[in-house]
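>>> please find the sequence and the predicted model below.
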Amino acid sequence: MSTTPAPKPEPVLPQWAQQLIGLYESNAANQFILFGNVNDELLLPVEAACTGSLSDFLIRVLLGRFDVVLSYDVGNGIRVEKGGETFATWPQLKQNPTLPKQPRPAVETLSHYFRYVSNLRRLNREKIQVACVVRSADLLAPSVQNSSDYDLSALAVLVRDWASDTAFTEHTLATFLLTENINDLHPLIANNPRAAQVKIPIPAAADLTPVLDVWNQSFPTALKAYAGKSNQLASQLAGATISSIESMLKTHEHTNESIRPETLTVLKKALVEKECSGLIEFIESRKSLDDLYGLTKVKEWLRQDIQLWNANDTNALPKGYLLCGPVGTGKTFLVQCLAGEAGVPVVKLKNFRDKWVGSTEGNLEKIFRLLQALGRCYVFIDEADQAIGRREGGEGDSGLSGRVYSMLAEEMGNSDSRGKIIWILASSRPDLIEVDLKRPGRVDVKIPLLPTTEAREGFDLIRMLCAKRGLAIEESLFPAIEARIPNLLTPGAAETLVTKIYRQVKTSNSTPSESLSASLADYQHPVPLQILEQQIRLAIDEATDMDFVPQAMRSTTSSKTSAPRKPDEEPVDQSRAK
């Protein structure tokens, strides 16, 4: 008695592929700009092989019913991926069998073939389904600032016509343009409303799990510690690409090393930073909020937010923090302490600006994709008044500053990110940050970090920093030096002072107390007091909760003093003015 084998279950396609199919089958679009994680290996659900490139996925999975599938890139030129016999019947190919490789002739050749197939259908002679995959489309038609490059513009128009010319849209033609960043692509193509933009995301934990299940057999030594725990490893590796993970596993398997839980954080950090080409870095810290001096109300607030985050109660979580205060008040140090306390990644944006047209915007696209893939994380932008840009842009930057501001503002205001990404901006000049960027919904909590307000507080700060260096300052010394302890002492200034004390102790026979007394005798503020006071006023004016402000400073507001100087205005030396 024969039995009929059970049909194979339909493969579960990724969401982006389902979106693409829906757009094509509904005739909503026939040209697709695939951007994002396009250079990664992807899971091939209907193949024996576990992974393949995006081109493999398109050709072997999505385009199986097409008669002719072509591909093009500036390195290999035009290639026939499928349907070579059908393509060979094209009369023009018989006259000239050599396919051009240069961009403009190649695009013209592809357009001629698409028109030939369209004409066959109009004459009811033959119906040929054609698809074309253009790899690295940003190299074929890059974004340019010079609008007088007519040859490049003409090429972009030809590619755009594949999505808008009725000769192409009325028959079964599908074109796929692969580029990592939308902003790297020529605006005539990128801004074409008839072309659908489909984002290829960095794989989430759920996407990595089936791949790791297969790799348990391929890399048994490397994955020995995680045998049967693919879900756990996948959640820890979220944010890394499949290609980078596979490379890591191959290396460990070759050296007969097993990936250990205690080293996984370091490995993931290296993978992600390498993928982002130095655009970001992870802040690693063994400190906690207990290492912060004072700031009782601030630490209480931050710990409450961490508890809410751990409990998945995101309704009360802020979208972002603004840390403001004079230079040297420990804004970056607070972030380091928060990184150690929270137990979630803290990502610092590095110099994402580039001199090439479109590169800065492309860098930001790449960073945003990573942040969304990481899941929960803090994003730290130091010197935010300089890094973020201005709404109006700057002179001579061709509007780059305005575009950077717009992209960051949109990403920070993304309501889907609440509970996943918390932004931390730090600046000693918060007045230079656009008001729209500091509004609730982007930055909900503004925390002023301020210097000491009394001698006792300054003495305790110095004493604590000395103790960290093994220098003991007697409590009994305070009355004798109280009058000499500087007011408005910042942690940064105190750190410099303690370094001087330490140096004097090690290079002379003086005691720590003697060195402290001597150092205070000729102490001078590293930042002019007028600038320090101005930055204090700015920070207090920004505070969202007066509990963050010491009682002695709550009357220090700009409403009772002169307006802040302009960014390019030098502070006035009052002694000279007199």
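On my side now, so go ahead.
>>> so what's residue 177 up against?
Under the criterion of C-beta atoms under 8 Å, 6 or more residues apart in numbering, the neighbours of residue 177 are 31-34, 134, 137, 159, 185, 189, 195. All C-beta spots, glycine's among them, are computed from the backbone N, C-alpha and C.
>>> which pair in these spans the largest distance?
Greatest spatial distance among the contacts of residue 177 (C-beta to C-beta): 34 and 159, at 14.1 Å.
>>> give me the residues contacting the helix or strand harbouring residue 373.
Secondary structure from DSSP states H and E places residue 373 in helix 359-374. For helix 359-374, contacts defined as C-beta under 8 Å, 6+ apart pick out 35-37, 180-184, 199, 201-204, 238-239, 272, 275-277, 279-280, 345, 347, 349, 352-354, 377, 379, 400, 403-404, 407-408, 411, 417, 420-421.
>>> tell me what whichever helix in the chain runs longest is packed against?
If you go by DSSP state H, the chain has its longest helix at helix 103-122. Judged by 3 or more C-beta pairs under 8 Å, 6 or more residues apart in numbering; DSSP states H and E, the packing partners of helix 103-122 are strand 68-73, strand 77-82, helix 91-95, strand 130-134, helix 150-164, helix 166-169, strand 173-179.
>>> list the buried ones in it?
Under the neighbour-count criterion of 16 or more other C-beta atoms under 10 Å, helix 103-122 has 103, 106-107, 109-111, 113-114, 116-118, 120 buried.
>>> for it, C-alpha coordinates in CSV please.
Extracted as CSV, the C-alpha positions of helix 103-122 are listed here (Å, rounded to 0.1, in the frame of the first residue of the first chain):
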residue,chain,number,x,y,z
PRO,A,103,27.1,51.8,-16.0
ARG,A,104,25.5,54.0,-18.7
PRO,A,105,25.7,51.4,-21.6
ALA,A,106,24.6,48.6,-19.2
VAL,A,107,21.5,50.5,-18.0
GLU,A,108,20.6,51.3,-21.6
THR,A,109,21.0,47.7,-22.6
LEU,A,110,18.7,46.6,-19.8
SER,A,111,16.1,49.2,-20.8
HIS,A,112,16.2,48.0,-24.4
TYR,A,113,15.6,44.4,-23.3
PHE,A,114,12.7,45.4,-21.0
ARG,A,115,11.1,47.3,-23.9
TYR,A,116,11.6,44.3,-26.2
VAL,A,117,9.8,42.0,-23.8
SER,A,118,7.1,44.6,-23.3
ASN,A,119,6.6,44.9,-27.1
LEU,A,120,6.3,41.1,-27.4
ARG,A,121,3.5,41.1,-24.9
ARG,A,122,1.7,44.0,-26.6
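>>> what's the angle from that helix to strand 173-179?
For the pair helix 103-122 and strand 173-179, the angle between their directions (axes from the mean of the first three to the mean of the last three C-alpha atoms, to 10 degrees) equals 160 degrees.
>>> ok so, going back, give me the buried entries from the contacts of helix 359-374.
For the contacts of helix 359-374, burial is judged from neighbour counts taken by 16+ other C-beta under 10 Å, and it is met by 35-37, 180-184, 199, 202-204, 238-239, 272, 275-276, 279-280, 345, 347, 349, 352, 377, 379, 400, 403-404, 407-408, 411, 417, 420-421.
>>> which of the residues you listed fall in strands?
Among the buried ones among the contacts of helix 359-374, the members falling in strands are 35-36, 199, 280, 347, 349, 377, 379, 421 (criterion: DSSP state E).
>>> so which of those residues comes closest to residue 497?
Within these, distances to residue 497 taken as C-beta to C-beta reach their minimum at residue 349, with 31.6 Å.
>>> OK, contacts around that closest one?
Taking C-beta under 8 Å, 6+ apart, one finds 279-280, 367, 379-381, 387 in contact with residue 349.
>>> kindly recompute the last result at 10 Å.
279-281, 363-364, 367, 371, 379-382, 384, 387-388, 408, 423 (C-beta atoms under 10 Å, 6 or more residues apart in numbering).
>>> equivalent analysis for residue 527, please.
With contacts defined as C-beta under 10 Å, 6+ apart, the neighbours of residue 527 are 326-328, 428, 451, 488, 490, 492-493, 533, 535.
>>> for those residues, which one is nearest residue 130?
When the contacts of residue 527 are compared for distance to residue 130 (C-beta to C-beta), residue 428 wins out at 59.4 Å.
>>> neighbours around that closest one, how many?
When counting by other C-beta atoms under 10 Å, one arrives at 23 neighbours for residue 428.
>>> wait, it sits on residue 451?
No: in terms of C-beta atoms under 10 Å, residue 428 does not count as a neighbour of residue 451; the distance is 11.9 Å.
>>> mutual contacts of the two, please.
With contacts taken as C-beta under 10 Å, 6+ apart, the residues that reach both residue 428 and residue 451 are 325-326, 328-329, 527, 532, 535.
>>> find the nearest non-adjacent residue to residue 291, please.
Excluding the flanking residues, the one nearest residue 291 by C-beta to C-beta, 6 or more residues apart in numbering is residue 337, at 5.3 Å.
>>> what's the average pLDDT for whichever strand or helix holds the one you found?
Remark: residue 337 resides in helix 331-342, with elements defined by DSSP H and E. Confidence for helix 331-342, expressed as mean pLDDT, is 90.
>>> quick one: it to chain centroid distance?
Relative to the chain's own centre, helix 331-342 is displaced by 19 Å; criterion: C-alpha atoms, centre = their mean, to the nearest Å.
>>> ok, residue 217 to residue 424 distance?
From residue 217 across to residue 424, the span is 42 Å (C-beta to C-beta, to the nearest Å).
>>> nearest spatial neighbour of residue 110, skipping sequence neighbours?
Leaving aside its chain neighbours, residue 110 sits nearest to residue 132 (6.1 Å; criterion: C-beta to C-beta, 6+ apart).
>>> check contacts around that neighbour.
31, 63, 66, 68-72, 78, 81, 110, 113-114, 162, 173-177.
>>> check residue 442 too.
Taking C-beta under 10 Å, 6+ apart as the definition of contact, the neighbours of residue 442 are 318-320, 322, 408-414, 423, 425, 434, 436.
>>> in helices, which of these appear?
When DSSP H defines the helices, the subset of the contacts of residue 442 inside them is 408-412.
>>> okay, the residues you listed in a markdown table with distance to residue 13 and pLDDT next?
Shown next, in a markdown table, are the ones in helices among the contacts of residue 442 (distance: C-beta to C-beta, whole Å; pLDDT from 0 to 100):
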| residue | distance to residue 13 | pLDDT |
| --- | --- | --- |
| 408 | 33 | 88 |
| 409 | 34 | 88 |
| 410 | 29 | 89 |
| 411 | 28 | 89 |
| 412 | 32 | 90 |
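>>> quick one, domains of this structure?
15-200, 205-275, 289-448, 455-521 (automatic domain parsing).
>>> so which of those domains is nearest residue 555?
Each of the domains of the chain has some distance to residue 555 by C-beta to C-beta; the shortest is domain 289-448, at 14.1 Å.
>>> perfect, that will be all.
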